[in-house]
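Engineer: I would like to see how this sequence folds:
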Amino acid sequence: APHQVEVEAIQHKTTEIYHKIYFPDDTEEAFLVDSSTKARDLVKTVVERLNLLSGQGFSIFVKIADKAISVPEADFFFDFIRSLTEWIKKARPARDGTTPNYSYQVFFMRKLWTHVVPGRD
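Structural biologist: Residues are numbered from 1 along each chain as shown. Modelled structure (predicted):
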């Protein structure tokens, strides 16, 4: 099943979906994402827009509830978010019978700070 954002884009007869991505320096930018976008494609796009020398070690993270989870680079972006929100809903059922709305944020960050040359990356 498609993610809700994909459904809304189809309903509004648009193929362009811009998704906000947050950065560690508290800035944010919108990036074009479609249903065929994989995490590695999104990392490449962000690296190019920010004029970084390399995307090595960077990842797209989804922060939902109190967790931040790295999107596997071969996964489709919206499929991962949809499965993650479904997993959170199952893991944390509502107590009063209502389904909580788990909003999420997408971040671009380094996975590990190894092989980093200060001033170059």
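
Engineer: Kindly provide the distance from the residue most central in space within the chain to residue 86.
Structural biologist: Nearest to the geometric centre of the chain sits residue 106, at 4.0 Å (C-alpha atoms, centre = their mean). In this structure, residue 106 and residue 86 are 17 Å apart, going by C-beta to C-beta, to the nearest Å. The way it works is simple: take the backbone N, C-alpha and C, and place the C-beta from them, glycine included.

Engineer: beta partners of the residue nearest to the centre of the chain?
Structural biologist: Using DSSP bridges, the bridge partners assigned to residue 106 are residue 62.

Engineer: Show the contacting residues for it.
Structural biologist: By C-beta atoms under 8 Å, 6 or more residues apart in numbering, the contact set of residue 106 is 19, 20, 21, 22, 60, 61, 62, 63.

Engineer: Pull the residues that contact the helix or strand of the chain with the lowest mean pLDDT.
Structural biologist: Lowest by mean pLDDT, DSSP states H and E among the helices and strands of the chain is helix 4-11, with a mean of 75. With contact meaning C-beta under 8 Å, 6+ apart, helix 4-11 is reached by 2, 15, 16, 17, 19, 35, 78.

Engineer: and that helix, C-alpha only, in CSV?
Structural biologist: C-alpha atoms of helix 4-11 as CSV (Å, rounded to 0.1, in the frame of the first residue of the first chain):
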residue,chain,number,x,y,z
GLN,A,4,-0.4,8.6,2.7
VAL,A,5,1.7,11.4,1.1
GLU,A,6,1.9,9.4,-2.1
VAL,A,7,-1.9,9.0,-2.1
GLU,A,8,-2.5,12.7,-1.5
ALA,A,9,-0.1,13.5,-4.4
ILE,A,10,-2.1,11.3,-6.7
GLN,A,11,-5.4,12.8,-5.5
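
Engineer: How far does it sit from its chain's centre?
Structural biologist: Remark: helix 4-11 is offset 17 Å from the chain centroid, using C-alpha atoms, centre = their mean, to the nearest Å.
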